[in-house]
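>>> I would like the atomic coordinates for the input below:
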Amino acid sequence: MISLLFSLCMLFTVTSNREPLVIRNVRITGVTGGKRTQAADVLIRDGRFSAIGTFRVPEGARVIDGNGQYMIPALTSGHVHIGTLRGTTIEPAHYTRENILRQLAQYSSFGVLQVLSMGTDHPLLFARGLYDSLRQGLLPGARLYSAGYGFGMPGGAPGAGFPMDKLFRPANTGEAVTAVDSLHRMNIGIVKIWVDDFGTGAPKMAPEIYQAIIQRAHQHQMKVVAHVFYLGDARRLVAAGVDVLGHSIRDSIIDQTLLQDMKAKGVRYIPTLTLDVYATAYGETPSWINDPFFVRSLEPGVADMIRSPDYQRSVREGKLYDRNRRAVQIATQNLRLIAEAGIIICLGTDSGALPVRAQGFAEHHEMELMVKAGMTTVQVLTAATINAAALVDLSGDTGSIDTGKTADFVLLTADPVADILNTRSIGSVWKNGKMIFSADQ
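Take a look at the predicted model:
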């Protein structure tokens, strides 16, 4: 991983010149509406798309051949966790500048150039201009957007064993409002709340608390994302005005009334199917375990851990194993219903929260699972680009291949519309019009 970060720094430096760049002969996959242009040329100036299609090549421009590769917008993952994972453990002590940059380099090498960290960040991120530099893309790797410090319950979920020592745990509505105000002063645009018992029967956040959080956040033009599991909680949260359901509903099949309510209110949905798949898949040996694309995403020691018979047995014997297996089936059915209802779906995975939720690979695996759930490849690519970018108010600047937008894109050697697995055929990744990752290096 250190060598990857060094390579990204070198590419970032070597390609930092500002002369116009022309990439000839690329096949642009316009995710909105599924439009696809064959053998187009692209002009990039000052890190932005300047012309697409047919144009006069500017004098002094650098010209490269795209060799018929497929150009897609860089991916955005709307639900990740940064900094607390290292090796086979998750600890608050792992949250360092070096670890954050290392993991953002990891995401970028998989074509993920924007990530939203969901409520488990630490004060280090907001000190000495680090967050501003990461958000503005001034440092190598993916841009980082943060929900700051999320909201849990005093003595409740999320509980011990999670590196969430900076969470707000308001005991009353006054404390909740004060905490939201503090996030607003930090220039945070997303609020994360946990409304779940994690299958343990632990106390869940009371409706009056999350109603106060949602109301105050909206007064500050901040979005609220809710960690959910149960249909009943989702129904009450939508009625209270929540903006995003940050996980699938996994205990019951969603009903038409809630679907209509979500559609009418513009509630976004982040399915995180991989979260539930990974909760049970390593009870045995999954089909992807030797895939090089997967292996290169793993933290040191994780490959040996998940291959261990003792570890696999511990997964199978876990108290929530059967519950999690059912959750996968219900979540898959609910995603199909959500998509059919025309509700806005965004890519997100919860990657980085646990060692088995591999950063970068999880995003591509999530897209595969979304297609298996019944979404089209174009719908999935839309969820992973323009929809997820809109979640962090970036759709006007990234998320599609359009003139005037930031030139963040991935060149693939195979067509992702024909087969979503082709998002893994990464030839190179480009940020601000500069190549930051190449499969040949």
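
>>> name the helix or strand for the closest residue in space to residue 39 that isn't next to it in sequence, please.
In space, not counting the residues next to it along the chain, residue 39 is nearest to residue 25; the distance is 5.5 Å by CB to CB, 6 or more residues apart in numbering. No exception for glycine: its C-beta is placed from N, CA and C like everyone else's. Element membership for residue 25 (DSSP states H and E) is strand 21-30.

>>> if I pick the residue nearest to residue 39, what's in contact with it?
In this structure, residue 25 makes contact with 39-41, 65-68, judged by CB atoms under 8 Å, 6 or more residues apart in numbering.

>>> what of residue 108?
Residue 108 neighbours (CB under 8 Å, 6+ apart): 8, 140-142, 429, 431, 436-437.

>>> restrict the one helix or strand residue 368 maps to to CA atoms and write it as PDB.
Here residue 368 sits within helix 361-372, counting by DSSP H and E. What follows is helix 361-372, C-alpha atoms only, in PDB (Å, rounded to 0.1, in the frame of the first residue of the first chain):
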ATOM      1  CA  PHE A 361     -13.300  -4.100  -4.300                       C
ATOM      2  CA  ALA A 362     -16.500  -3.700  -2.300                       C
ATOM      3  CA  GLU A 363     -17.700  -0.900  -4.600                       C
ATOM      4  CA  HIS A 364     -17.300  -3.000  -7.700                       C
ATOM      5  CA  HIS A 365     -18.800  -6.100  -6.000                       C
ATOM      6  CA  GLU A 366     -21.700  -3.900  -4.800                       C
ATOM      7  CA  MET A 367     -22.500  -3.000  -8.400                       C
ATOM      8  CA  GLU A 368     -22.500  -6.600  -9.400                       C
ATOM      9  CA  LEU A 369     -25.000  -7.400  -6.600                       C
ATOM     10  CA  MET A 370     -27.200  -4.500  -7.700                       C
ATOM     11  CA  VAL A 371     -27.400  -5.900 -11.200                       C
ATOM     12  CA  LYS A 372     -28.200  -9.400  -9.800                       C
END
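
>>> hang on, the earlier thing: can you select the buried ones from the contacts of residue 25 in ChimeraX?
In ChimeraX, this line selects whichever of the contacts of residue 25 come out buried by 16 or more other CB atoms under 10 Å:
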select :40,41,66
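
>>> restricted to helices, list the contacts of residue 25.
Among those, no member falls in helices (criterion: DSSP state H).

>>> could you pick out which of the contacts of residue 25 are located in strands?
In this view, the contacts of residue 25 that belong to strands under DSSP state E are 39-41, 65.

>>> per-residue confidence at the residue nearest to residue 39?
Confidence at residue 25, expressed as pLDDT, is 95.

>>> which residue sits farthest out from the middle of the protein?
Within the chain, the residue lying farthest from the chain centre (CA atoms, centre = their mean) is residue 59, at 39.1 Å.

>>> tell me the contacts of residue 111?
Residue 111 sits in contact with 72, 74-75, 410, 423, 426, 429, where contact means CB under 8 Å, 6+ apart.

>>> which one of the residues you listed sits in the busiest neighbourhood?
Among these, the one with the most neighbours (other CB atoms under 10 Å) is residue 75, at 30 neighbours.

>>> look up how far residue 28 lies from that one.
For residue 75, the distance to residue 28 equals 16 Å [CB to CB, to the nearest Å].

>>> if we can go back for a sec, now, of the contacts of residue 108, which are buried?
Buried among the contacts of residue 108 by 16+ other CB under 10 Å: 8, 140-142, 429, 431, 436-437.

>>> next step: those restricted to strands.
Among the buried ones among the contacts of residue 108, the members falling in strands (DSSP E) are 429, 431, 436-437.

>>> turn those residues into CSV, columns for pLDDT and distance to residue 188.
Converted to CSV, those look like this (pLDDT from 0 to 100; distance: CB to CB, whole Å):
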residue, pLDDT, distance to residue 188
429, 98, 27
431, 98, 24
436, 97, 27
437, 97, 29
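
>>> of those, closest to residue 87?
Closest to residue 87 out of those is residue 437 (23.1 Å), distances taken as CB to CB.

>>> now that closest one, nearest residue through space, not along the chain?
residue 429 (4.0 Å).

>>> contacting residues for that neighbour?
Per CB under 8 Å, 6+ apart, neighbours of residue 429: 74, 108-109, 111, 113, 409-411, 435-438.

>>> list the beta-bridge partners for it.
Per DSSP bridges, the residues bridged to residue 429 are residue 410, residue 437.

>>> distance of it relative to residue 104?
Shown here: residue 429 relative to residue 104, a distance of 13 Å by CB to CB.

>>> how is this protein carved up into domains?
2-73+399-438, 75-391 (automatic domain parsing).

>>> pick the most deeply packed of those domains.
domain 75-391 (a mean of 20; mean count of other CB atoms under 10 Å).
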